[in-house]
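Q: Here is a sequence together with a model predicted from it:
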Amino acid sequence: MPLYNFEAMDATGQEIKDVIEALNEEVAQTTIRQMGYFVTMIREKKKPPLTGMIKEGEQEPPYWTFRIPKVSSYSSLMAFVWFVLGFLTCLIASAIGQGQ
């Protein structure tokens, strides 16, 4: 469920700033009102993008996708290749081990 940042006022006029989890903005506002607050501002809290993975203006990719980062040198590329090979080896070994 999405998170919503909100500002509200209580019965004494004191400002409240908090975060609430709700199905949508309407449900969030209703829940805040039921808590006895008057909503003055509400907006969906955005998920922080994966650093270096999403360029400004692009949509967040689905969770099952993976972007290979840009490589600045051959040694970085080789380190990345060895990391991926090691990871895949571990996955295959665990799959074989579970099949016994």
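A: Good, I have the coordinates. Computed from a prediction, not measured in an experiment: that's the story for all the values here.

Q: how far out from the middle of the chain is the helix or strand residue 27 falls within?
A: Using DSSP states H and E, residue 27 sits in helix 25-34. Distance of helix 25-34 from the chain centroid (C-alpha atoms, centre = their mean, to the nearest Å) equals 22 Å.

Q: list the buried ones in that helix?
A: 28-29, 31-32 (16 or more other C-beta atoms under 10 Å). (Glycine included, C-beta is placed from N, CA and C.)

Q: any residues touching that helix, and which ones?
A: For helix 25-34, contacts defined as C-beta atoms under 8 Å, 6 or more residues apart in numbering pick out 4, 6, 8, 20, 22, 39, 42, 44.

Q: Am I right that the first one is in a strand?
A: Yes: following the definition DSSP: H, G, I helix; E, B strand; the rest coil, residue 4 is counted among the residues of a strand.

Q: That one contacts residue 45, doesn't it?
A: Yes: counting by C-beta atoms under 8 Å, residue 4 does reach residue 45; the two are 6.2 Å apart.

Q: shared neighbours, the two?
A: By C-beta under 8 Å, 6+ apart, the residues touching both residue 4 and residue 45 are residue 19.

Q: out of these two, which sits in the busier spot?
A: residue 4 (22 against 13; other C-beta atoms under 10 Å).

Q: Spit out the contact partners of the more buried one.
A: 19-22, 25, 28, 42-45.

Q: Pipe the residues you listed into CSV and attach distance to residue 73 per row.
A: Below are the contacts of residue 4 laid out as CSV (distance: C-beta to C-beta, whole Å):
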residue, distance to residue 73
19, 42
20, 46
21, 44
22, 47
25, 47
28, 48
42, 47
43, 42
44, 40
45, 38
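
Q: Same list as before, those residues that is, but in a markdown table and with secondary structure included.
A: Formatted as a markdown table, the contacts of residue 4 follow (three-state DSSP):
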| residue | secondary structure |
| --- | --- |
| 19 | strand |
| 20 | strand |
| 21 | strand |
| 22 | coil |
| 25 | helix |
| 28 | helix |
| 42 | strand |
| 43 | strand |
| 44 | strand |
| 45 | coil |
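
Q: Considering the residues you listed, which is situated nearest to residue 93?
A: Using C-beta to C-beta, residue 21 is the member of the contacts of residue 4 that sits closest to residue 93, with 38.9 Å.
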